[in-house]
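Chemist: attaching a predicted model along with its sequence, questions to come.
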Amino acid sequence: MTTDFPDGLRAITADPAGAVIGVDFDGTLAPIVPDPADARIHPDGVAVLTRLGRLVGAVAVVTGRPAATAVEYGSLAGIPGVVVLGHYGFERWEADTVTSPPPHPGLDRARADLPRLVEPFDGVVIEDKERALAVHTRRAHDPQGVLVALRDPITELAVETGLAVEPGKFVLELRPPGMDKGMALGAFLRERGARSVLFAGDDLGDIAAFEAVRTSGLPGVTVFSGSAELEVEADIVVDGPDGVMKLFASIADAIEAGGTDRA
Ligand SMILES: O=P(O)(O)OC[C@H]1O[C@H](O[C@H]2O[C@H](CO)[C@@H](O)[C@H](O)[C@H]2O)[C@H](O)[C@@H](O)[C@@H]1O
């Protein structure tokens, strides 16, 4: 099996204790669903992450969700070796503790103004994540058309409030600037003294983390969790969260076959 792996993956299976496995939540660990509050980790996710968490240096879930939400929806508490970098890296959950900076001062104004901006569009939902606000168009009659119509007014509000616009799958998010998944992953790799890295993601916000893998100087692999909604270049393309689970299980198999379990 390992002979089929690209070099970056073989570096991970040969020296798992030095490996960081980074993974996005929605669309990668959890199937995409119409209502963000219904998203839950893939049925195989906890078992697969538990295997990997015991085998590799660390598993970092890097997500736009609040860290505590990813822990809850992912049933991540208690999985060994897992750290959650939430809000694109502003927040961190580790060993049952969340650390996060104070909310950005522009959020109050954005929270007050957003309902007026989205009011003309049926089916648009505002997800209030406390430290960011996500405007979802997936359940609108014309999700892409509404997304395009909202881009300019939301960008204007971002400029007025000092927030940044984070685009994603049928979502425009207003969030604090100065952090992205690439910065978060890069800092985590340095903190852990990683010797290899994999990052799996499915959305525009994950591209920065793919770039962090490429510029890390480490043997690394980028994995795109593919769907009909988006195409992004990566070393390995798998079929959504099902494919991510299969790939992660095959990595765990290969490490175990090499007898390198550190647990
Ligand atoms: O970084 P992620 O973990 O991928 O989070 C990115 C955004 O994911 C969520 O929205 C996406 O998933 C929803 C549930 O499947 C889906 O309904 C929506 O269309 C997607 O954009 C989440 O709701 C956002 O807050 C995250 O920022």
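Modeler: Good, I have the coordinates.
Chemist: what's in contact with the lowest-mean-pLDDT helix or strand in the chain?
Modeler: When each helix and strand of the chain is scored by mean pLDDT, DSSP states H and E, helix 7-14 comes last, with a mean of 94. Applying Cβ atoms under 8 Å, 6 or more residues apart in numbering, the external contacts of helix 7-14 come out as 2, 5, 19, 21, 56, 195-198, 218-221, 235, 251, 254-255, 258, 260. In short, each C-beta sits where N, CA and C put it, glycine included.
Chemist: ranges for the strands of the stretch 1-150 of the chain?
Modeler: Counting by DSSP state E, counting those that start in this stretch, the segments of the stretch 1-150 of the chain that form strands are 19-23, 58-62, 82-86, 91-94, 97-99, 125-128, 133-136.
Chemist: give the contact list for L29.
Modeler: So L29 contacts 23, 41-42, 45, 49, 61, 74, 241, 244 (Cβ under 8 Å, 6+ apart).
Chemist: for those, which one is nearest T97?
Modeler: Within those, the smallest distance to T97 is 15.2 Å, found for V61 (Cβ to Cβ).
Chemist: switch the contacts of L29 over to JSON lines; also include pLDDT and neighbour count.
Modeler: Below are those laid out as JSON lines (pLDDT from 0 to 100; neighbours: other Cβ atoms under 10 Å):
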{"residue": "V23", "pLDDT": "98", "neighbour count": "26"}
{"residue": "I41", "pLDDT": "98", "neighbour count": "21"}
{"residue": "H42", "pLDDT": "98", "neighbour count": "20"}
{"residue": "G45", "pLDDT": "98", "neighbour count": "23"}
{"residue": "L49", "pLDDT": "98", "neighbour count": "27"}
{"residue": "V61", "pLDDT": "98", "neighbour count": "26"}
{"residue": "G74", "pLDDT": "98", "neighbour count": "25"}
{"residue": "P241", "pLDDT": "98", "neighbour count": "24"}
{"residue": "V244", "pLDDT": "98", "neighbour count": "28"}
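Chemist: CSV for the residues you listed, including distance to the ligand?
Modeler: Putting those into CSV (distance: Cβ to the nearest ligand atom, whole Å) gives the following:
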residue, distance to the ligand
V23, 9
I41, 11
H42, 12
G45, 13
L49, 14
V61, 8
G74, 9
P241, 10
V244, 12
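Chemist: distance to G123 added to those, as TSV?
Modeler: Formatted as TSV, those follow (distance: Cβ to Cβ, whole Å):
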residue	distance to G123
V23	30
I41	26
H42	26
G45	29
L49	33
V61	29
G74	27
P241	25
V244	29
